[in-house]
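Peer 1: Curious how this folds, go ahead:
(chains A, B, C and D)
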Protein chains: 2
Amino acid sequence: MTRRTRTKTSQTPTIRDVARVAKVSVATVSRTLASPDTVRAATRERVENAIRKSGYRPNALASRLRRQKSDSIVVVVPSIHNPFFSNVIRGIENLAHLSGYKVLLGESQGNQERLDSYASMLARKEADGLILLGALLPSILKNATDDERSSIPVVTACEYFDHIKLPNVRIDNVAAAAMATEHLIRLGHTRIAKITGPMHNPLSKDRLAGFRQCMAQAKIKVDEELIVNGDFSAPSGYAAMKTLLGKPMKPTGVFCSNDEMAIGAARAIKETRLRIPRDISIVGFDDIRFSGYCDPPLTTIHQPQAAIGEMAMQLMIEMLQDEADLSGDAVRTIVLPHSLIVRTSTGRAD
Amino acid sequence: MTRRTRTKTSQTPTIRDVARVAKVSVATVSRTLASPDTVRAATRERVENAIRKSGYRPNALASRLRRQKSDSIVVVVPSIHNPFFSNVIRGIENLAHLSGYKVLLGESQGNQERLDSYASMLARKEADGLILLGALLPSILKNATDDERSSIPVVTACEYFDHIKLPNVRIDNVAAAAMATEHLIRLGHTRIAKITGPMHNPLSKDRLAGFRQCMAQAKIKVDEELIVNGDFSAPSGYAAMKTLLGKPMKPTGVFCSNDEMAIGAARAIKETRLRIPRDISIVGFDDIRFSGYCDPPLTTIHQPQAAIGEMAMQLMIEMLQDEADLSGDAVRTIVLPHSLIVRTSTGRAD
DNA sequence: AGCGCGACTGACACCGCTGTCAAACGTCCC
DNA sequence: GGGACGTTTGACAGCGGTGTCAGTCGCGCT
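Peer 2: Residues are numbered from 1 along each chain as shown, chains lettered A, B, ... in the order given. Have a look, this model is predicted:
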């Protein structure tokens, strides 16, 4: 027990030290750790004892260089702070942990350079794969042929990209938006407003499309005056609602393309002393954690956030495992089920 | 332009390839990248051209093995989903990115094994440092002498640990709690309830202590009946409030040890048709993002969440830089300023 | 001419582990 | 007893960078 001096003199033990103590070759130590069943029991035991005695911890850096794998994947998210994304991240992290992958977290902040810097970690072998949660595309992917693109281990989730095929996990936003709209229609609403997300965003387009589709099916004419753009933020929902409340013919129902805008909109409504849902019903989208604690608790579309994250990671793992036919199969898109959560922000239209 | 075949035949270029093309040694290429000013301009240019031509990207894995640095730090958080922590993470990530560090995200989920598994990344050189945001301590740190402990690059933030000195960043929870309490007292409240966090938690103790201290100073006797334990979750705040509302002498003001519990408590109050703040005032703690969007918007103690994260990372970087006197200096504790945010969940007591 | 010196460059060992290949070792069977 | 064959084990060559140390070179000075 020479621990007193150990701290100063001896380095952390390497596989060679273990080999020396166990009187075997380094290869055998490596095997004992990686595939114990190929090592004779007696030998294995000697090695394990040596490992225990020396307090050996394999150096991941060396292993990674040798294997040319980083055992990590970068997850780039526009904003860590967004409760929707943080739940997706949780799903990713969960499966990653189970599968021996590390999660490198990157916040793009809607900034192309920052995003590119995270994406470049692939080229530097700092990460084996890239999971993209936002609506921004790294330059490497933009300026690449389909062939090149399919050899880059990337998975997109939640958001997806027009004209660019990439493995993707999401819900059916059109159907989900239609479902939300139908809920309002069933409650007797006909003057239904829509607060959209940014319109360059495929998701926003889908949610608006679902709205229109459902309205058309119900033979209700959409009043274009009641379609107002937001940017997914609460303040934008607040502003949009203010606009709507200024219209001569106020809506009796509002469908917001996400919960944050719905929360903003609710505040605008309450400020004008109108009641939710007595005067105006509100439906959100996402089912973020706080939407159940709003006042009133928000009726919304539930997205299986953690499941989306897990599925994205699952896809990633599969790509990384059989990298051979990475470019072989068709690009995979996985659609997960959504559902309508009815709380008390919606009620019958009078 | 033989890109057709490149994909199949040639590997990604290494520093040796660049050296060959530029007709210099690998050392010179390395120098050109690491300290360009030690390389003659003409040579540097040759190298830079070769790099550009070959599309060389340095292999981080190799560099890390050589330097025995992973350029990464693990951040372990009890729950990614907690908006308070996610804001701290953001602060960490921000500074990390600026300083060339990668953030490895780990969610402990209050699970010792999981936490230990993340902490073990230090021993495996997968990470250079460890930032702990939760109230759980990894076994390595528990079972270590002060000496050993001081040689482990770890920083704790938000939470801290009794009896175990570790570099720490936080606010003055006692003073902050007193400030919140004083706000209620100034509004004329005397029957003030306290919903605490889990009492094994130093933070919870501090916040309760601050409450008692302020009450004592105001010469108001604390009614022990009005002190109820929660666990920092909204449901626990809801339950605690229900208990309080069942008391013969209801409180007119409630100070909750965090915003989530305050939100739960607010719901309980509203369910019994009492009004906030007319009948009962509520003060929270943390100033999470949604507390401004609650109904009513929550009066609370603001914690500089991003700044806490940045400061923690700053401390980490300093420790990593001068590892020489890592054990030299006294363990650092940094106290950041808090503030009271008055919204509309508090009002005068009648 | 010879020397000293500073600026620049190259050779090379090595970081610690893994995969390959061949040798050694049993074991079983004829 | 010896050969065939499957199982264990060891030697060794890298993975792709970086740091050290020793040149090489050009130039000013004695």
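
Peer 1: Flag every buried residue along stretch A:65-82.
Peer 2: For stretch A:65-82, a neighbour-count test (16 or more other Cβ atoms under 10 Å in any protein chain shown) marks A:65, A:70-82 as buried. Yep, even glycine has a C-beta here, placed from its N, CA and C like the rest.

Peer 1: so where do the helices sit in the stretch 201-350 of chain A?
Peer 2: Ranges of helices in the stretch 201-350 of chain A, per DSSP state H, counting those that start in this stretch, are A:202-217, A:234-245, A:259-271, A:305-321.

Peer 1: Of those, which is nearest B:Asp116?
Peer 2: Proximity to B:Asp116 (Cβ to Cβ) singles out helix A:305-321 among the helices of the stretch 201-350 of chain A, at 22.2 Å.

Peer 1: can you list contacts of the closest one?
Peer 2: Contacts with helix A:305-321, where a contact means Cβ atoms under 8 Å, 6 or more residues apart in numbering or on different chains, come from A:73, A:84, A:87-96, A:99, A:101, A:128-129, A:131, A:153, A:155-158, A:167, A:169-171, A:286-287, A:326, A:332, A:334, A:336.

Peer 1: next one: stretch A:248-255
Peer 2: A:177, A:180-181, A:184, A:187, A:189-195, A:211, A:223, A:226, A:241, A:244, A:262, A:265, A:279-283, A:285, A:346, A:349-350.

Peer 1: contacts with DNA strand C among those residues, please.
Peer 2: Contacts with DNA strand C within the contacts of stretch A:248-255, counted by Cβ under 7 Å from any atom of the strand: none were found.

Peer 1: Is there a quick PyMOL command that grabs whichever of those are buried?
Peer 2: To isolate the buried members of those in PyMOL, using 16+ other Cβ under 10 Å:
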select buried, chain A and resi 177+180+181+184+187+189+191+192+193+194+195+211+223+226+241+244+262+265+280+281+282+283+285+346+349
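
Peer 1: Keep only those of the contacts of stretch A:248-255 that are in strands.
Peer 2: Judged by DSSP state E, strands contain the following of those: A:192-195, A:281-283.

Peer 1: got those residues as TSV, with pLDDT columns?
Peer 2: Below are the ones in strands among the contacts of stretch A:248-255 laid out as TSV (pLDDT from 0 to 100):
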residue	pLDDT
A:Ile192	98
A:Ala193	98
A:Lys194	98
A:Ile195	98
A:Ser281	98
A:Ile282	98
A:Val283	98
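
Peer 1: Any chance of those residues in TSV with distance to chain B as columns?
Peer 2: Formatted as TSV, the ones in strands among the contacts of stretch A:248-255 follow (distance: Cβ to the nearest Cβ, whole Å):
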residue	distance to chain B
A:Ile192	23
A:Ala193	20
A:Lys194	21
A:Ile195	16
A:Ser281	17
A:Ile282	13
A:Val283	17
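
Peer 1: What's the separation between the closest residue to chain B within the stretch 151-300 of chain A and A:Arg64?
Peer 2: Relative to chain B, the nearest point of the stretch 151-300 of chain A is A:Asp295 (3.1 Å; Cβ to the nearest Cβ). The gap separating A:Asp295 from A:Arg64 is 51 Å, by Cβ to Cβ, to the nearest Å.

Peer 1: out of these two, which sits in the busier spot?
Peer 2: A:Arg64 (24 against 21; other Cβ atoms under 10 Å in any protein chain shown).

Peer 1: And A:Val76, which helix or strand is it part of?
Peer 2: strand A:72-77 (DSSP states H and E).

Peer 1: Need the buried ones from the contacts of helix A:305-321 selected in PyMOL.
Peer 2: Burial among the contacts of helix A:305-321 is assessed by 16+ other Cβ under 10 Å; the matching PyMOL selection reads:
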select buried, chain A and resi 73+84+87+88+89+90+91+92+93+94+95+96+101+128+129+131+153+155+156+157+158+167+169+170+171+286+287+334+336
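
Peer 1: now, which of the contacts of helix A:305-321 lie within helices?
Peer 2: A:84, A:87-96 (DSSP state H).

Peer 1: Point out where the stretch 1-150 of chain A drops to low pLDDT.
Peer 2: By pLDDT under 70, the weakly predicted segments of the stretch 1-150 of chain A are A:1-10.

Peer 1: Spell out the residue ranges of the helices in it.
Peer 2: Using DSSP H, counting those that start in this stretch, helices in the stretch 1-150 of chain A cover A:3-6, A:15-22, A:26-34, A:41-54, A:60-67, A:83-98, A:112-119, A:139-142, A:146-150.

Peer 1: Show me the shaky parts of the stretch 201-350 of chain A.
Peer 2: Using pLDDT under 70, the stretch 201-350 of chain A drops low at A:323-329.

Peer 1: Point out the residues in it that sit beside chain B.
Peer 2: A:234, A:263-264, A:267, A:270, A:289-290, A:293-295 (Cβ under 8 Å from any Cβ of the partner chain).

Peer 1: Tell me who's in contact with the residue nearest to the residue of the stretch 151-300 of chain A closest to chain B when sequence neighbours are not counted.
Peer 2: Distances taken as Cβ to Cβ, 6 or more residues apart in numbering or on different chains place B:Asp295 nearest to A:Asp295, at 3.1 Å, with adjacent residues excluded. By Cβ under 8 Å, 6+ apart, the contact set of B:Asp295 is A:270, A:294-295, B:266.

Peer 1: returning to that earlier point: now the residue of the stretch 151-300 of chain A closest to chain B: phi and psi?
Peer 2: Main-chain dihedrals, A:Asp295, degrees, to the nearest 10: phi -120, psi 110.

Peer 1: now it: how far from B:Val174?
Peer 2: For A:Asp295 relative to B:Val174 (Cβ to Cβ), the value is 32 Å.

Peer 1: Pull up the gap between A:Lys165 and A:Gly264, please.
Peer 2: 34 Å.

Peer 1: Ignore what I typed, I meant A:Ala50.
Peer 2: With Cβ to Cβ as the criterion, A:Ala50 and A:Gly264 are 63 Å apart.

Peer 1: And A:His183, by the same measure?
Peer 2: 20 Å.

Peer 1: which parts of chain A sit against DNA strand C?
Peer 2: Residues of chain A lying near DNA strand C (Cβ under 7 Å from any atom of the strand): A:11-12, A:14-16, A:26-27, A:30, A:33-34, A:56, A:58-59, A:61-63, A:65-67.

Peer 1: Nearest spatial neighbour of A:Leu226, chain-adjacent residues omitted?
Peer 2: Leaving aside its sequence neighbours, A:Leu226 sits nearest to A:Ala193 (Cβ to Cβ, 6+ apart; 3.9 Å).

Peer 1: How much space separates the nearest residue to A:Pro36 once chain neighbours are set aside from B:Val24?
Peer 2: What sits nearest to A:Pro36 in space, not counting adjacent residues and going by Cβ to Cβ, 6+ apart, is A:Arg44, at 5.8 Å. Distance, A:Arg44 to B:Val24, using Cβ to Cβ: 48 Å.

Peer 1: Next: A:Asp350.
Peer 2: The value you get for A:Asp350 to B:Val24, if Cβ to Cβ is used, is 82 Å.

Peer 1: ok, A:Leu115 - contacts?
Peer 2: Applying Cβ under 8 Å, 6+ apart, the residues near A:Leu115 are A:76, A:106, A:108, A:134, A:136, A:138.
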